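J.: After the sequence you'll find the predicted model.
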Amino acid sequence: MKVDGKPYRTIWLSDDGTTVQVIDQTLLPHRFVVRDWRTMEEAEHGIRAMIVRGAPLIGAAAAYGMALAMATDTSDAMLTKAYTTLMASRPTAVNLRWALDDLHERLAPLPPAQRRDAAYRRAAEIADEDAEICRRIGENGLGLIRQLKPRQGERLNALTHCNAGWLATVDWGTALAPIYQAHNAGIPIHVWVDETRPRNQGASLTAWELAKHGVPHTVIADNAGGHLMQHGQVDFCIVGTDRTTRRGDVCNKIGTYLKALAAHDNGVPFYVGLPYPTIDWTLEDGRDIPIEERSAAEVSRIAGRGPTGEVVTVDILPEGSPAANPAFDVTPARLVTALVTERGVCPASEAGLLSLYPERARAA
Ligand code: MRU
């Protein structure tokens, strides 16, 4: 996608062939800064500190983290160290495990002298594949959007939670890819953007990227969605996911479940965009997904631009009040209207997913 006319991905290899470059998402929307990663430790910190975030991008970043490790040391010991260090960076998005398992399985049998180049090659493939997958999610979601009629007025109103746009992936996004495709196809569409406390990925990232692409949108408080749905102002919800189980339970940013409940109560379709590496075929019940507990400071403090343009952080709780910060929740499959993947659209169920991924059927 473009930033001020210049095409960007969220992660890429610099011209020196070793350094990895990423957009620092902790500084958006106030500053656009590109960071260099020269070591595996910098990649690990970048994922942990959410300089890069979003399940598909976390997977690509972990793959490049393995490549950076191999750039300095191609030994078996380093392969194991990079795998375990990166795996511990964030627990919920299963794309991390998917990418690290993929790299480890490919690199371990190789002679050490071949590991560096193989790791960079595979990381680049994963990034390219993610961009293409997301483009196809967009096409498949566009097919759904074309079938919808506005409940009010001339334009369709979508509602999204958190950031599942191009910033959460390598390019295009998952939930936002169909919206970009619809906008590009000339379908009048407007997006209600949940601010997404506590880190405000909706307000700071989704609003930013929609604005850069010229998609009409309005940021709303997280609690506003139910009211808008009751008043016919939402035609469909679409969100991303950090891990979806074999039977279609959807783990996503905290607050997603409440939107799905409100959508269900109001007959609003609730779609989930996801690439295949986000499906955890080893789990059935979404309650078994590890939910990341982040720092209470994300709840007790809030950052924003001050009157003179500087970014400031302020405390918003009474001194001494404790805060808790579960970062994800699980929306049961029964509340999901359909899953939108790179292979097509399916019901949120094991049978639905297997209709698109028959190779995942268990042997009888
Ligand atoms: O904690 P984050 O920002 O990494 O969470 C990821 C998200 O933005 C969402 O949960 C998203 O909908 C899934 S990733 C496409």
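T.: Arrived safely, thanks for sending. What you see is a predicted model; the values in this text were computed from it and never measured.

J.: How about the residues of the stretch 1-150 of the chain by the ligand?
T.: 53, 54, 55, 56 (C-beta under 6 Å from any ligand atom). C-beta here means a position set from N, CA and C on the backbone, and glycine is covered the same way.

J.: Check the stretch 51-200 of the chain for the residue nearest the ligand and tell me.
T.: Of the residues in the stretch 51-200 of the chain, the one nearest the ligand is residue 53, at a distance of 3.3 Å by C-beta to the nearest ligand atom.

J.: measure the residue nearest to that residue when sequence neighbours are not counted to residue 224 for me?
T.: Of all residues not flanking residue 53 in the chain, residue 25 sits nearest, at 6.1 Å (C-beta to C-beta, 6 or more residues apart in numbering). Separation of residue 25 from residue 224 (C-beta to C-beta, to the nearest Å): 24 Å.

J.: Compare the two (neighbour count), which wins?
T.: residue 25 (26 against 16; other C-beta atoms under 10 Å).

J.: Could you list the low-pLDDT ranges of the protein?
T.: Applying pLDDT under 70 to the chain flags no residue at all.

J.: Do a quick rundown of the helices in it.
T.: 40-48, 55-72, 76-87, 94-107, 112-146, 176-184, 201, 207-213, 225-230, 256-265, 297-300, 350-356 (DSSP state H).

J.: tally of neighbours for the nearest residue to residue 41 once chain neighbours are set aside?
T.: Leaving aside its chain neighbours, residue 41 sits nearest to residue 85 (7.6 Å; criterion: C-beta to C-beta, 6+ apart). By other C-beta under 10 Å, 17 other residues sit near residue 85.

J.: Contacts only, for residue 85.
T.: 40, 41, 44 (C-beta atoms under 8 Å, 6 or more residues apart in numbering).

J.: Against residue 2, how distant is the residue lying closest to residue 35 once chain neighbours are set aside?
T.: Taking C-beta to C-beta, 6+ apart, and ignoring the residues beside it in sequence, residue 35 has residue 24 as its nearest neighbour in space, at 4.9 Å. Between residue 24 and residue 2 the computed distance is 18 Å (C-beta to C-beta).

J.: Check residue 62 too.
T.: 26 Å.

J.: out of these two, which sits in the more crowded spot?
T.: Neighbours were counted for residue 62 and for residue 2 using other C-beta under 10 Å; residue 62 has more, 32 against 10.

J.: Name all residues that make contact with the more buried one.
T.: Per C-beta under 8 Å, 6+ apart, neighbours of residue 62: 43, 47, 86, 87, 89, 95, 96, 99, 100, 103.

J.: hmm, try it at 7 Å
T.: Each residue near residue 62 by C-beta atoms under 7 Å, 6 or more residues apart in numbering is listed here: 47, 86, 96, 99, 100.

J.: so the first one makes contact with residue 61?
T.: Spelled out, that is residue 47. Yes: contact criterion C-beta atoms under 7 Å: residue 47 and residue 61 qualify, at 5.4 Å.

J.: These two: which has the busier surroundings?
T.: The neighbour count for residue 47 versus residue 61, taken as other C-beta under 10 Å, is higher for residue 61 (32 against 24).

J.: The closest residue to the more buried one other than its chain neighbours - how many residues pack around it?
T.: When the adjacent residues along the chain are set aside, residue 61 lies closest to residue 52, with 4.8 Å between them (C-beta to C-beta, 6+ apart). Look at residue 52: counted by other C-beta under 10 Å, it has 26 neighbours.

J.: who touches residue 52 in this structure?
T.: 10, 11, 22, 25, 46, 58, 61.

J.: mind running it again at 10 Å?
T.: By C-beta atoms under 10 Å, 6 or more residues apart in numbering, the contact list for residue 52 reads 10-11, 20, 22-26, 35, 37, 43, 46, 58, 60-62, 64, 167-168.

J.: what does residue 276 give?
T.: Residue 276 neighbours (C-beta under 10 Å, 6+ apart): 95, 98, 129, 133, 341, 342, 343, 353, 356, 357, 360.

J.: Weed out the non-buried ones from the residues you listed.
T.: 95, 98, 129, 133, 341, 342, 343, 353, 356, 357 (16 or more other C-beta atoms under 10 Å).

J.: May I ask which two of those are separated the most?
T.: Greatest spacing in the buried ones among the contacts of residue 276, by C-beta to C-beta: 129 and 353 (19.2 Å).

J.: Those residues of the stretch 201-350 of the chain touching the ligand, which are they?
T.: 201, 239, 240, 241, 242, 252, 253, 327.

J.: any idea how far the fifth one lies from residue 75?
T.: Residue 242 sits at a distance of 32 Å from residue 75 (criterion: C-beta to C-beta).

J.: Of those two, which one has the most company?
T.: Just comparing residue 242 and residue 75: by other C-beta under 10 Å the higher neighbour count belongs to residue 242, 32 against 12.

J.: Which stretches in the stretch 201-350 of the chain count as strands?
T.: For the stretch 201-350 of the chain, applying DSSP state E, counting those that start in this stretch gives strands covering 217-220, 236-239, 243-245, 250-253, 270-273, 279-280, 301-305, 311-315, 328-331, 338-341, 344-346.

J.: can you list those strands in CSV and add distance to residue 191?
T.: Listed next are those as CSV, based on distance: least, C-beta to C-beta, whole Å:
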stretch, distance to residue 191
strand 217-220, 4
strand 236-239, 9
strand 243-245, 22
strand 250-253, 16
strand 270-273, 13
strand 279-280, 25
strand 301-305, 22
strand 311-315, 25
strand 328-331, 19
strand 338-341, 16
strand 344-346, 20
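
J.: That's all I had, so thanks and see you.
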